[in-house]
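Asker: sharing a sequence plus its predicted fold:
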Amino acid sequence: MITHKLLSYAIISKRLYYINKVQYKYIQVSVIGAANGIGKNVALLLKQNRYITRLHLYDDDDRVLGMELELGQIPGGPAVSSFSGDAFLPAAIRYSHLVLMLTRTPRKLGYTREKMLATNALAVQRICRTLAYENPDAFFAISSSPINSIVSFASKLLSNYKAYNKHKIFGITHIDTARTRTLLGKTLNVSPHHLHVPVIGGHSDETIIPLFSNLLPSHYYIKQHQAEALTRLVRKSGTEVLNLKQGNDSATLAMAWSINEFVDRISEAFYGSYVIVNSFTANPHFGTKFFSGPTKVSACGIFETCSNFVMSEYESKLLSQAVPLINRDIARGEEHVQVIEDGRNLY
Ligand SMILES: NC(=O)C1=CN([C@@H]2O[C@H](COP(=O)(O)OP(=O)(O)OC[C@H]3O[C@@H](n4cnc5c(N)ncnc54)[C@H](O)[C@@H]3O)[C@@H](O)[C@H]2O)C=CC1
Ligand SMILES: O=C([O-])CC(=O)C(=O)O
């Protein structure tokens, strides 16, 4: 009798384990905007990615077609297919587990990220429409500026298309943790690889908030004036790269590296682990609809968003200044759906 009970318990536990533990046997990733800038560098990094089985590259620029042949000359890695032109967008994203939206235009000199909404909105709309029809179950991760508005814009559009899943849409802010770790490593004169600092808020000069008070391992410590100087540096990093490149290019290499780290972790999630990525996602815990920070992800999507942090007085002040700006940006993104639908998207 006892053996019988134990056996049924084991069978039920095993079933529950498999219900919770979705795992994929292969992974297909699509890169939209793969011919230049961030996308081109991401394509090269993902060709060396040990987790991905198939890599689909799409761009309006038909130079992307040569990349299939060229990347095919590199031994190993995922099988690569490339696509260009409206008619091939559905094939480029169909069956992909993860769609990376990396288009369209980088910021111009003197522009804030917020000014790029109208420029990038149409490209995002086109992907959302196709995604909703062809592959609504995919994870959808966006780098297009301005993240604080584009994520709410895409979410509202997908919702209008009856394809919104708040657990599967990500604004990629992984670069903010990469910059924070790197700058902190230099300050402490240690390797950045084992440093952990949560970076929360949004992705703009006034809303990125590194929480140095939460630095791990906890035996490391920086003084208040160092935390303030590093925060200013992290916030300005994107603009500084843009200025040094004279507005011709954004931080394509650092962003590609960060996206590769993001994809690595998401792929581990697809293979059955729980992972942490930094991303701007649906998160109500800070008084905004969307918020960036460490986000726990499984193969089914976002499992848990960040909520409580013990913060220094300085960090709490930054947060209270950022929240109204993030709310403003989110509202602009949502309002822009109507602008697009009315045909008033002028850029
Ligand atoms: N989230 C973040 O931390 C960062 C975001 N960015 C943003 O990422 C975006 C891309 O930047 P870059 O790679 O530097 O730009 P880029 O201009 O070098 O490359 C963009 C690519 O998108 C393609 N493209 C444009 N419209 C398209 C469409 N409708 N469909 C398919 N492909 C299209 C272009 O042909 C080009 O190959 C920009 O919005 C930029 O501001 C850049 C750096 C960091
Ligand atoms: O500054 C930009 O326009 C690109 C960006 O978001 C970054 O590098 O953080």
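Answerer: Everything's here; your move. All of these numbers come straight from a predicted model, not from anything done at the bench. Ligands and ions are numbered 1, 2, ... in the order given.

Asker: and this protein, what are its domains?
Answerer: 23-173, 174-328 (automatic domain parsing).

Asker: so does the longest one get close to ligand 1?
Answerer: Going back to what we said before, that points to domain 174-328. Yes - interface with ligand 1: domain 174-328 contributes 175, 203, 249-252, 255 (C-beta under 6 Å from any ligand atom). From N, CA and C alone the C-beta is placed, and that goes for glycine too.

Asker: give me the element residue 121 is part of.
Answerer: helix 117-134 (DSSP states H and E).

Asker: for the helix or strand just after that helix, buried residues please.
Answerer: Downstream of helix 117-134, the first helix or strand assigned by DSSP H and E is strand 139-142. Within strand 139-142, the residues that count as buried by 16 or more other C-beta atoms under 10 Å are 139-142.

Asker: now, which of those residues sits nearest ligand 1?
Answerer: Among the buried residues of strand 139-142, residue 142 lies closest to ligand 1 (C-beta to the nearest ligand atom), at 7.8 Å.

Asker: who's in contact with the residue lying closest to the closest one once chain neighbours are set aside?
Answerer: Counting by C-beta to C-beta, 6 or more residues apart in numbering, residue 101 is the residue found nearest to residue 142 once chain neighbours are left out, at 4.4 Å. Residue 101 makes contact with 32-33, 123-124, 127, 140-144, 154, according to C-beta atoms under 8 Å, 6 or more residues apart in numbering.

Asker: ok, and which of those residues reach ligand 1?
Answerer: Within those, those near ligand 1 by C-beta under 6 Å from any ligand atom are 32-33, 123, 143-144.

Asker: torsion angles phi and psi at residue 331?
Answerer: Residue 331 adopts backbone torsions of phi -60, psi -40, taken as degrees, to the nearest 10.

Asker: just residue 241 next, same as before
Answerer: Given degrees, to the nearest 10, the pair of backbone angles that residue 241 has is phi -60, psi -50.

Asker: how would you label the one residue in the stretch 151-300 of the chain that gets nearest to ligand 2: helix, strand or coil?
Answerer: As assessed by C-beta to the nearest ligand atom, ligand 2 sits closest to residue 238 within the stretch 151-300 of the chain, at 2.6 Å. Going by DSSP: H, G, I helix; E, B strand; the rest coil, the secondary structure assigned to residue 238 is helix.

Asker: one step back: which of the buried residues of strand 139-142 sits closest to residue 170?
Answerer: Distance to residue 170 across the buried residues of strand 139-142 (C-beta to C-beta) is lowest for residue 141, with 4.2 Å.

Asker: so that closest one is in contact with residue 168, correct?
Answerer: No - judged on C-beta atoms under 8 Å, residue 141 makes no contact with residue 168 at a distance of 9.1 Å.

Asker: so where does residue 302 fall, helix or strand?
Answerer: Counting by DSSP H and E, residue 302 is part of strand 301-304.

Asker: show me what counts as buried in that strand.
Answerer: By neighbour count on 16+ other C-beta under 10 Å, the buried set for strand 301-304 is 301-302.

Asker: go on, stretch 170-187?
Answerer: So for stretch 170-187, counting by 16+ other C-beta under 10 Å, buried means 170-181, 183-185, 187.

Asker: for that stretch, give the mean pLDDT please.
Answerer: Mean pLDDT, stretch 170-187: 97.

Asker: just the CA trace of that stretch, in PDB.
Answerer: Extracted C-alpha coordinates of stretch 170-187, given in PDB (Å, rounded to 0.1, in the frame of the first residue of the first chain):
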ATOM      1  CA  PHE A 170      11.500  42.800 -23.300                       C
ATOM      2  CA  GLY A 171      13.200  46.200 -23.800                       C
ATOM      3  CA  ILE A 172      16.800  45.300 -23.800                       C
ATOM      4  CA  THR A 173      18.600  47.300 -21.100                       C
ATOM      5  CA  HIS A 174      21.300  44.800 -20.500                       C
ATOM      6  CA  ILE A 175      23.900  47.300 -21.600                       C
ATOM      7  CA  ASP A 176      23.300  49.400 -18.500                       C
ATOM      8  CA  THR A 177      24.500  46.500 -16.300                       C
ATOM      9  CA  ALA A 178      27.400  45.800 -18.600                       C
ATOM     10  CA  ARG A 179      28.600  49.500 -18.300                       C
ATOM     11  CA  THR A 180      28.000  49.600 -14.600                       C
ATOM     12  CA  ARG A 181      30.000  46.400 -14.000                       C
ATOM     13  CA  THR A 182      32.800  47.600 -16.200                       C
ATOM     14  CA  LEU A 183      33.100  51.000 -14.700                       C
ATOM     15  CA  LEU A 184      32.900  49.600 -11.200                       C
ATOM     16  CA  GLY A 185      35.600  47.000 -11.900                       C
ATOM     17  CA  LYS A 186      37.900  49.800 -12.900                       C
ATOM     18  CA  THR A 187      37.100  51.800  -9.800                       C
END
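
Asker: sorry, back to before: beta partners of the residue nearest to residue 142?
Answerer: Residues in a beta bridge with residue 101, per DSSP bridges, are residue 32, residue 142.

Asker: near ligand 1, which residues of the stretch 1-150 of the chain? Just list them.
Answerer: So the stretch 1-150 of the chain meets ligand 1 at 32-33, 35-39, 59-61, 102-107, 120, 123, 126, 143-145, 147 (C-beta under 6 Å from any ligand atom).
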